[in-house]
Structures are given as structure tokens and as C-alpha cells.
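>>> Mind looking at a prediction? Sequence and model below.
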Amino acid sequence: MPPALLTFPTLLRGASVCACVLLAGLTAAGAGAEPARGFLETVRRHATLASTIPDNGDVNPYAVIVAPASAGKIRQGDVLIDNFNNISNLQGTGTTIVDYNPTTKETTLFAQIPQKLTQCPGGVGLSTAMTLLKSGWLIVGSTPSTDGTTRTKGDGCLLVLDAEGQLVATWSGPTINGPWGNMAVKDEGDRATLFVSMAGFGLPGPDVLDPATGYPVIMRKATVLRLEVRIPDGKPPELVSQTVVADGFAQRADRDNFLFGPTGEALDEDGTLYVTDGLDNVITAIPDALTRKDSAGTGRVVTKDGLLAWPLALAWTPERHLLVTNGKNGQVVEVDPKAGRQIYAQWIDNDQAQSPPGNGDLFGIALTPDGKGFYYVEDDMNTLVRASR
């Protein structure tokens, strides 16, 4: 069966129940005997939960993660979101992480990191690379700029915060340059393995154009880095080792989107790491990602083109399918990675102010703890949204 695309001609922005409910009537009337093809087809309600803008005015929400445990200011099930832009809307200058509590429905400031941080080359601009360990330590990437473009991009770093939102450590070095993609993590309590893409190596400003295309020059220097971390009892995580497990991914500067590079990472139970490459419009698989001692290059192609449109963040469904947000339109796509099959796409942000609708609005995505929906952010509205059945 070919992949299905669900489109909505009109969608009420900010409504607690969007036009997605139209699907329920259509399905009941026209496909009563046909079971849902996957997880996404059962998701019909989209509720706007909260603004992601803190008091300092930071905008452009990127990473979305769900707390696996309670620690410090964080309660299990809380949703944490970071911001990439400051109040002036300059990319690579956001310094804040906000915490939404689904029980109280309150949003609070979890952390605000100094803009100019000497330990982090270039300063602070919080990217989609963020995770919270079961031990309560938060690790977030910085891909900084001073003018909002890659012309002034610093190498950046990975920042380690405690459960009270205080900065306790900074990791930088030659393998870390532009921490970009949403992290995949294997968390064993006292040890953890992190995967994060690096999209900043040698990246010029957006005015350096390829004469053949007229667009900023594409480079194939982006990597996926595996970090082995030890978590001593009562002490901050310690970086034990680093291994480049994939390289050669496409990256380029972009004035509107700062940069394009590998963004989504999702670790399967068999040790395969799935990675999205937006410029090549592909999802690839890196075998033996937990144990390999060398790079697999760009890995094996899982699926390409079709419903994908600059694929970004990845999240697992209970059925072990992948949900992937599109950067070029407001769709989320469901993929069966084992079969290499695109199953379904749902238009969750069809803001007509962008072309195509929703272009540039979607970034992070995370499954809800009950497995019945997912959280995502709408960049155009600076809001957190929950999708559910």
C-alpha cells in the first residue's frame, strides 16, 4: 500500500482540537473495515499547551524532551524545551530552557545560561541537541553565533546542567563543532551513551555561494559523534570517550534556517542508529552504533524522498516506527525503518504564511509517556503542542 498523505485545507491555529478531527468522520464513513496503517493515523487531536517564550524574550523553540525521572526542579513527565534565538530573533543566541508541567499546566524557566561563556567556543546558542538523563543531569548543545548567521559561528560545545538548572561542566574539543541534532541516548543510570550530530566543521557564512546552483555551498563534513559518559554517584557526568561513528553527511549555511545538517537520531534496540540528512532528504542507518570503533560513513539508505521534506527530529512510536518532522513543510511522517517504508504523513502545521505551508515551523518531537501521542513545537507561534488520539 502506498504511503498516505493527510492534508487539511484549513486549520485553526491554537485551537485545542484542530481540523484533524475531520479525519475521524472520514475514516468511519469510508474505511470502516480497514485498520489503521500505523500510529500516526490514530492521532487526531492537537492541543496547544503553552508559550515557550520565557521572560527574557527568547524565541525559536528547538529541542523537545520528556523527563524520564524526577530530580531537583524537574518532575517526571515534564516537557523541557530550549530556545535557539534571543529576543532580537538572532539565531544561535538563545540561552534558555523552559519546563512545562503537564499536571499543573505551568511553564517555568528551568535554566538561563550566560550568553558569553568562555568555556564554550563562540558563546551560547542552544540547539536541538538536548537530553535529560535518569540521574537528573541535563546535557544540551550550543551552536552559537553573534550576528545570527554562520558567518560568526563558533565551534560551540556541550553544556552539562544539574537538576536545578545550574551549569556544572562544559565539553568542547576538536570532535565537537556545531552540536546540532536531537540526541539519541542509551541510559544505564551510572553510565550513558549519547549520539549527537556535528554540523559545523568548516562551514562558511551564507554568502559563500556555489556558482553552479546559486545557493550556499554544500559541504560533506558533518559527523555523528558517540560519547561515552560515566555518572559518578552525586557528581557531574564525566566524558570517558568519543568516537565518530558516521561522517560525510551534507551540511550548508542558510540565512533563514542558520544551517542544514544531519538532525534526527534514534537508537534501535539492536544498536542500529537512524539518522536524518535533510539536504539529501534521506534517513540512513548506522549499524553497530554502540560498539563500532570506526565510522560507517553515511550508512545504509533506509528511505529517501517521497513524503520526506528536509527530515529533522526523530522519535520512536510504541510499534517501533519512527516519527520524523519535516523542515520544509508542516508535516510529520511515520516510517517503518525495518521495511524501509513510509507509512503516513499528517499535516500538523499548515500555516499559510509560509510556503509550503508550515515551512520552517517544526523542529523537536517527543513521545508522550503514555505512548498515545507526542509533543512538538510550532516555531511560528513559539508554542508547545500535544498531539493525541
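Structure's in. What do you need?

>>> for the protein, what's the longest strand?
Counting residues, the longest strand found in the chain (DSSP state E) is strand 238-254.

>>> contact partners of the helix or strand where residue 127 lies?
Using DSSP states H and E, residue 127 sits in strand 126-132. Strand 126-132 is contacted by residues 62-63, 65, 67-68, 74, 80, 82-84, 94-97, 113, 138-143, 156, 158, 178-183, 185, 194, 196-197, 263, 312-313, 363-364 when judged by Cβ atoms under 8 Å, 6 or more residues apart in numbering. All C-beta spots, glycine's among them, are computed from the backbone N, C-alpha and C.

>>> and with 6 Å instead?
Residues outside strand 126-132 that contact it (Cβ atoms under 6 Å, 6 or more residues apart in numbering) are 62-63, 65, 67, 82, 94, 138-141, 143, 179-180, 182-183, 185, 196, 363-364.

>>> What of stretch 156-173?
Against stretch 156-173 from outside (Cβ under 6 Å, 6+ apart): 71-74, 110-111, 113, 119-122, 136, 138-144, 178-179, 236-237, 239.

>>> hmm, back to that, so what are the sheet partners of the strand holding residue 127 and their directions?
Partners of strand 126-132 in the sheet, by DSSP bridges, are strand 138-142 (antiparallel).

>>> And the partner strand, how far out from the chain middle?
From the chain centre to the centre of strand 138-142 is a distance of 12 Å (Cα atoms, centre = their mean, to the nearest Å).

>>> circling back to that earlier point, who does the longest strand of the chain pair with, and is each partner parallel or antiparallel?
By DSSP bridges, strand 238-254 pairs with strand 219-230 (antiparallel), strand 258-260 (antiparallel).

>>> Tell me which residues of it come out buried.
Across strand 238-254, burial judged by 16 or more other Cβ atoms under 10 Å covers 239, 243, 245-247, 249-254.

>>> hey, where'd the strands end up in the stretch 251-389 of the chain?
Along the stretch 251-389 of the chain, counting by DSSP state E, counting those that start in this stretch, strands occupy 258-260, 262-267, 273-277, 282-286, 300-304, 311-316, 322-326, 331-336, 341-347, 362-367, 373-378, 383-388.

>>> same deal with the stretch 51-200 of the chain?
According to DSSP E, counting those that start in this stretch, the stretch 51-200 of the chain carries its strands in the segments 59-66, 79-85, 96-101, 106-112, 126-132, 138-142, 157-161, 167-171, 184-187, 191-198.

>>> Of all those, which one comes closest to residue 317?
Comparing those against residue 317 with Cβ to Cβ, the closest turns out to be strand 59-66 (14.2 Å).

>>> I'd like to know the average pLDDT value across that closest one.
Strand 59-66 carries an average pLDDT of 98.

>>> and for it, what are the contacting residues?
Here strand 59-66 makes contact (Cβ under 6 Å, 6+ apart) with 52-53, 79-85, 128, 130, 132, 363-364, 366, 375, 377, 379, 382.

>>> Give the partner strands of it in its sheet and their orientations.
Applying DSSP bridges, strand 59-66 is found paired with strand 79-85 (antiparallel).

>>> Buried residues, the partner strand. List them.
Neighbour-count burial for strand 79-85, counted by 16+ other Cβ under 10 Å, picks out 79-85.

>>> and the angle for it with strand 362-367?
Orientation check (axes from the mean of the first three to the mean of the last three Cα atoms, to 10 degrees): strand 79-85 against strand 362-367 gives 170 degrees.

>>> Begin at 275, not 1, for the rest of this chat.
Got it, first residue is 275 now, which makes that one strand 353-359.

>>> how about the CA coordinates for strand 353-359, as CSV?
C-alpha atoms of strand 353-359 as CSV (Å, rounded to 0.1, in the frame of the first residue of the first chain):
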residue,chain,number,x,y,z
VAL,A,353,8.5,18.6,29.0
LEU,A,354,11.6,20.7,28.5
ILE,A,355,12.2,22.9,25.5
ASP,A,356,15.1,25.1,24.6
ASN,A,357,15.3,28.3,22.5
PHE,A,358,17.8,28.9,19.7
ASN,A,359,17.1,32.7,19.2
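
>>> what does that strand rub up against?
With Cβ under 6 Å, 6+ apart as the test, strand 353-359 has contacts from 326, 332-340, 365, 368, 370-374, 400, 404, 649.

>>> next one: stretch 407-422
With contact meaning Cβ under 6 Å, 6+ apart, stretch 407-422 is reached by 342-343, 345-346, 364-366, 394, 396-401, 403-406, 426-428, 430-435, 437, 452-454, 461, 463, 466, 505, 511.

>>> Could I have the buried ones of the residues you listed as PyMOL selection syntax?
In PyMOL, this line selects whichever of the contacts of stretch 407-422 come out buried by 16+ other Cβ under 10 Å:
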select buried, resi 342+343+345+364+365+366+394+396+397+398+399+400+401+403+404+405+406+427+428+430+431+432+433+434+435+437+452+453+454+461+466+505+511
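
>>> Great, nothing more from me.
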